[in-house]
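Peer 1: Predicted model and sequence follow; I will ask about them next.
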Amino acid sequence: ESDPIRRSCVIALGKLGDPRATEPLIAYVIEADSAFRRRALEALRRLGDAPIDQLAERLESPDPAVRKKVGAALLELGYQPPTLEARVALAVARRAWDELEAMGDSALGPLATRLRHPDARLRRECARLLEKLEYRPAAPAAIVDLAMVQEDEATIRELDLLAVEPLTTWLEAGDAATRRRAANLLAALSYAPRTQIGKARLLVAQQDWPAVEQLGAAAAEPLALCLDDADAHVARRAAELLGQLGDRRAAPYLAAHLFPDWEKRRDAHALLTKLDWQPGTDTEQVYWHVAAGDFAWLKRNWATTKRVLFADLHSRVPRKVKHAAYALIVTGHEDAVSNLIVALNRDGTVPLALIFLNCGQPRLKHAATEWARTRGLRVVRTQDWSMHSWGALERGGSELDRQIKGWNVQDRNPMQEIDRGGRELDRQIRQWNFQNRQLMRGW
């Protein structure tokens with residue numbers, strides 16, 4: 001059903017005391033706009049204490065925005081934390097540091113456990129408050145935890161071999177940067193893992209991807225732990241390597257993060273094919289067939305294709321906009337061209353106009369030129385870099401850069417002709433552009 005109808009049904013279920021409304025109501029409390037959020041809170045209140053306790057569990061979310069919203073909601077619901085740990089969790093979520101400081105020594109233990117929280121900012125804030133409360137840990141593991149958050153490598157080195165075991169636990173804790181620092185400290189302490197899984201943990205933490213790849217299946221578990229990492233590069237490399245290992249745990253990440261991505265679509269398709277993944281939703285179907293280059297399918301199912309790709313085009317998410325624009329252009333569907341022009345004129349941007357200007361489709365090129373003219377922008381032909389440019393030129397210094405410039409000045413062929421050209425330099429240009437992920441203005 002439509003979202004408004006579904007919302008009304010959930011609210012009605014909550015007012016009737018139906019527990020099936022609990023999870024969607026909690027989601028609405030966290031995600032919905034303020035007006036609807038108040039209705040969701042009232043419905044949740046009518047369900048009793050159990051749903052409120054479920055909401056309180058979200059206080060430990062790695063997302064600070066979620067923690068803040070949950071903390072505020074719990075206060076509105078009159079939530080009374082039943083334990084000291086729960087009091088600390090609520091105060092931390094609200095970032096009520098004065099309140100925590102007033103708790104004194106009783107807050108030390110709960111705060112110390114948050115030194116391993118996934119949120120790096122939260123770890124640092126807890127460490128600062130612990131320092132203010134004159135927290136002085138005695139056990140090597142506690143000393144290492146505090147020193148890791150404070151980036152106090154000298155203290156860890158003073159512990160010498162006593163720091164090794166606590167540091168190994170940091171290889172799978174915190175964020176990617178912290179894990180890498182732990183791995184480097186272990187290397188400085190001459191740590192040598194005795195097992196393949198231990199070696200895999202160390203190499204994954206060091207982000208030594210070629211060495212991880214050579215380990216094969218032994219690296220699967222440490223890689224799987226990286227799929228939710230806040231560092232997008234680490235998460236993507238982990239997913240790609242898991243995909244190469246045939247580990248199906250990589251499929252959700254690959255489907256969610258490599259689709260839609262114009263540069264990565266073929267890699268994602270190859271890895272997901274290896275994992276026997278099948279698209280489920282209409283959106284996944286469209287992304288899948290774009291990645292496969294199956295534009296005949298996209299034309300046969302034009303209503304679905306149009307709905308999904310134009311929703312992405314208007315999303316203002318750069319990756320989605322670029323993917324949608326390219327996919328719609330390459331389908332060659334006349335309806336696509338007409339609607340792309342409408343989209344540009346209604347709420348277009350310079351990046352979208354650049355795509356139109358250089359895609360080789362005459363109507364889109366004309367539309368982009370007119371769009372620029374009406375906004376006081378000038379379309380420039382230049383012999384210094386590429387056929388068209390907006391404002392400052394992008395410059396490079398490699399030999400291939402110079403070849404590209406020379407080729408462009410001599411042949412004056414826009415990039416759209418490359419796929420039909422077939423010359424060796426054309427192939428080099430294509431390869432250079434995709435590998436370096438640089439926008440070569442005017443191609």
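Peer 2: Cool, got the structure. Numbering: from 1, shown residues only.
Peer 1: ranges for the helices of the stretch 1-150 of the chain?
Peer 2: 3-15, 22-31, 34-45, 49-56, 64-76, 84-94, 97-103, 108-113, 120-132, 140-150 (DSSP state H, counting those that start in this stretch).
Peer 1: Name the residues of the fourth one that come out as buried.
Peer 2: Within helix 49-56, the residues that qualify as buried by neighbour count (16 or more other C-beta atoms under 10 Å) are 51-52, 55-56. (Each C-beta comes from the backbone N, C-alpha and C, glycine too.)
Peer 1: what's next to it, contact-wise?
Peer 2: Applying C-beta atoms under 8 Å, 6 or more residues apart in numbering, the external contacts of helix 49-56 come out as 19, 22, 25-26, 29, 44-45, 70, 73-74, 77, 79, 81, 86, 89-90.
Peer 1: May I see the helices of the stretch 1-150 of the chain organised as CSV, with mean pLDDT and distance to Gly246 added?
Peer 2: Below are the helices of the stretch 1-150 of the chain laid out as CSV (pLDDT from 0 to 100; distance: least, C-beta to C-beta, whole Å):
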stretch, mean pLDDT, distance to Gly246
helix 3-15, 68, 37
helix 22-31, 80, 33
helix 34-45, 77, 42
helix 49-56, 86, 36
helix 64-76, 90, 33
helix 84-94, 95, 39
helix 97-103, 95, 47
helix 108-113, 96, 37
helix 120-132, 95, 32
helix 140-150, 96, 34
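Peer 1: Show me the one of the ones you listed that comes nearest Glu221.
Peer 2: helix 140-150 (21.9 Å; C-beta to C-beta).
Peer 1: what about the closest one, distance to the chain center?
Peer 2: 29 Å (C-alpha atoms, centre = their mean, to the nearest Å).
Peer 1: other SSEs contacting it?
Peer 2: For helix 140-150, the packing partners by 3 or more C-beta pairs under 8 Å, 6 or more residues apart in numbering; DSSP states H and E come out as helix 108-113, helix 120-132, helix 153-159, helix 164-169, helix 176-188.
Peer 1: how about those helices, which one is nearest Ala270?
Peer 2: helix 176-188 (25.2 Å).
Peer 1: Just checking the distance from the closest one to the centre of its chain.
Peer 2: Per C-alpha atoms, centre = their mean, the centroid offset for helix 176-188 relative to its chain is 23 Å.
Peer 1: And stretch 289-299, by the same measure?
Peer 2: The answer for stretch 289-299 is 25 Å, by C-alpha atoms, centre = their mean.
Peer 1: buried set for that stretch?
Peer 2: Neighbour-count burial for stretch 289-299 flags 289-291, 295, 297-298 (criterion: 16+ other C-beta under 10 Å).
Peer 1: Can you lay out the residues you listed as CSV showing distance to Ala200 and secondary structure?
Peer 2: Formatted as CSV, the buried residues of stretch 289-299 follow (distance: C-beta to C-beta, whole Å; DSSP: H, G, I helix; E, B strand; the rest coil):
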residue, distance to Ala200, secondary structure
His289, 36, helix
Val290, 35, helix
Ala291, 30, helix
Phe295, 41, helix
Trp297, 40, helix
Leu298, 41, helix
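Peer 1: Output the lowest mean pLDDT helix or strand found in the protein.
Peer 2: helix 418-421 (a mean of 32; mean pLDDT, DSSP states H and E).
Peer 1: which stretches of the protein have low pLDDT?
Peer 2: When residues are selected by pLDDT under 70, those of the chain lie in 1-7, 10, 14, 32-35, 381-443.
Peer 1: ok, of the buried residues of stretch 289-299, which one's closest to Ala268?
Peer 2: Among those, Ala291 lies closest to Ala268 (C-beta to C-beta), at 6.0 Å.
Peer 1: Next up, the contacts around the closest one.
Peer 2: Ala291 sits next to 259, 265-266, 268-269 when contact means C-beta under 8 Å, 6+ apart.
Peer 1: Present the residues you listed as TSV; the columns should include distance to Phe356, secondary structure and neighbour count.
Peer 2: As requested, the contacts of Ala291 are exported to TSV (distance: C-beta to C-beta, whole Å; DSSP: H, G, I helix; E, B strand; the rest coil; neighbours: other C-beta atoms under 10 Å):
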residue	distance to Phe356	secondary structure	neighbour count
Phe259	23	coil	23
Arg265	20	helix	21
Arg266	23	helix	14
Ala268	26	helix	23
His269	26	helix	21
